[in-house]
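[1] sequence below, structure please.
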Amino acid sequence: MARKIITLDMIRANTEFRKLIDCANTNLEYMGYTEHGLRHVGYVSKTTANILAELDYNERTVELGAIAGWIHDIGNSINRKHHGLTGATLAYDALSRMHMDVSEIALIIGAIGNHEEENGLPVNPISAALIIADKSDAHRSRVRKKTYNAEDIHDRVNMAIKKNYLVVDKVKRKIRLVIFMDDISSTMDYMQIYLTRIMLCEKAAEFLGCVFELMINGMIINRQKKIAAEPALSASEKEVSEE
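    Predicted coordinates for the structure are as follows:
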């Protein structure tokens with residue numbers, strides 16, 4: 001059968017992917033993890049696409065990024081451990097049955113299989129944008145209100161983050177994650193969870209020809225430079241993160 005041009009709308013309408021996303025989110029709820037359902041995958045899908053679009057990748061690459069973002073966590077339907085690798089395997093089978101072009105499937109599964117810091121590295125532009133989009137989604141909206149536990153560092157850090165956004169400056173080739181936390185938690189707590197993830201974001205930004213900056217409460221954490229606590233976007237910066 002002839003290969004098809006598979007769109008994000010087709011992926012979103014696919015009941016198999018929807019059930020895998022729902023199952024993955026339920027599994028992680030029982031394990032005590034923050035939200036990984038439609039809100040998270042929607043954010044990652046849009047933000048991955050927006051990063052690529054802002055850096056002037058072509059329209060099809062942008063859509064493939066959105067597709068990868070939507071299905072990047074389906075491996076959690078099997079197990080949290082190595083969920084990027086199992087998710088890539090699940091995605092290959094499902095996308096093949098949709099008759100997607102194999103060269104496009106390869107880009108997507110490469111991105112899914114490399115989005116976790118334990119065993120991943122940016123291997124193509126989609127994977128690099130996906131890494132940054134995924135790791136930027138820390139926010140109190142991810143906390144499961146029914147099971148919130150202030151003693152759990154993941155719940156505490158996410159609940160403390162009252163605002164965050166990701167900006168791309170394609171002129172200065174800079175990608176910046178801006179986070180504002182209250183005193184429920186601390187920068188030290190955030191870094192205890194996210195240090196290896198931020199290091200992977202730095203590698204991903206480098207792959208895209210950019211530098212990555214993490215700013216928490218007005219302080220750039222991963223290099224020595226102080227700026228105003230509430231930075232305004234410069235003329236060449238664009239906010240790309242989307243709920």
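
[2] Leu55: what's it in contact with?
    125, 168, 170, 208-210 (Cβ atoms under 8 Å, 6 or more residues apart in numbering). Heads up, the C-betas are built off the backbone N, CA and C, glycines and all.

[3] out of the residues you listed, which are buried?
    125, 168, 170, 208, 210 (16 or more other Cβ atoms under 10 Å).

[4] related to what we said a few turns ago, so which of the contacts of Leu55 sit within helices?
    Within the contacts of Leu55, residues falling in helices by DSSP state H are Pro125.

[5] kindly confirm my reading that Phe17 forms part of a helix.
    Yes: judged by DSSP: H, G, I helix; E, B strand; the rest coil, Phe17 forms part of a helix.

[6] so it sits against His72, correct?
    No: counting by Cβ atoms under 8 Å, Phe17 does not reach His72; the two are 11.0 Å apart.

[7] who has more neighbours, these two?
    Counting neighbours by other Cβ atoms under 10 Å for Phe17 and for His72 shows that His72 has the greater number, 32 against 22.

[8] surely that one meets Leu130?
    Yes: with contact defined as Cβ under 8 Å, His72 and Leu130 form a contacting pair (6.0 Å).

[9] among the buried ones among the contacts of Leu55, which one lies nearest to Asp101?
    When these are compared for distance to Asp101 (Cβ to Cβ), Pro125 comes out closest, at 17.2 Å.

[10] surely the closest one touches Cys210?
    No: taking contacts as Cβ under 8 Å, Pro125 lies outside contact range of Cys210: 11.2 Å.

[11] pull the residues that contact stretch 207-223.
    With Cβ under 8 Å, 6+ apart, stretch 207-223 has contacts from 51, 55, 122, 125, 127-129, 132, 168, 173-181, 187, 190-191, 198, 201-202, 204-206, 226-231.

[12] which of those residues fall in strands?
    168, 174-181, 226 (DSSP state E).

[13] with pLDDT and distance to His139 added, can I get those in a markdown table?
    Shown next, in a markdown table, are the ones in strands among the contacts of stretch 207-223 (pLDDT from 0 to 100; distance: Cβ to Cβ, whole Å):
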| residue | pLDDT | distance to His139 |
| --- | --- | --- |
| Val168 | 97 | 19 |
| Lys174 | 95 | 22 |
| Ile175 | 96 | 18 |
| Arg176 | 96 | 16 |
| Leu177 | 96 | 11 |
| Val178 | 96 | 12 |
| Ile179 | 96 | 9 |
| Phe180 | 96 | 10 |
| Met181 | 96 | 10 |
| Lys226 | 51 | 24 |
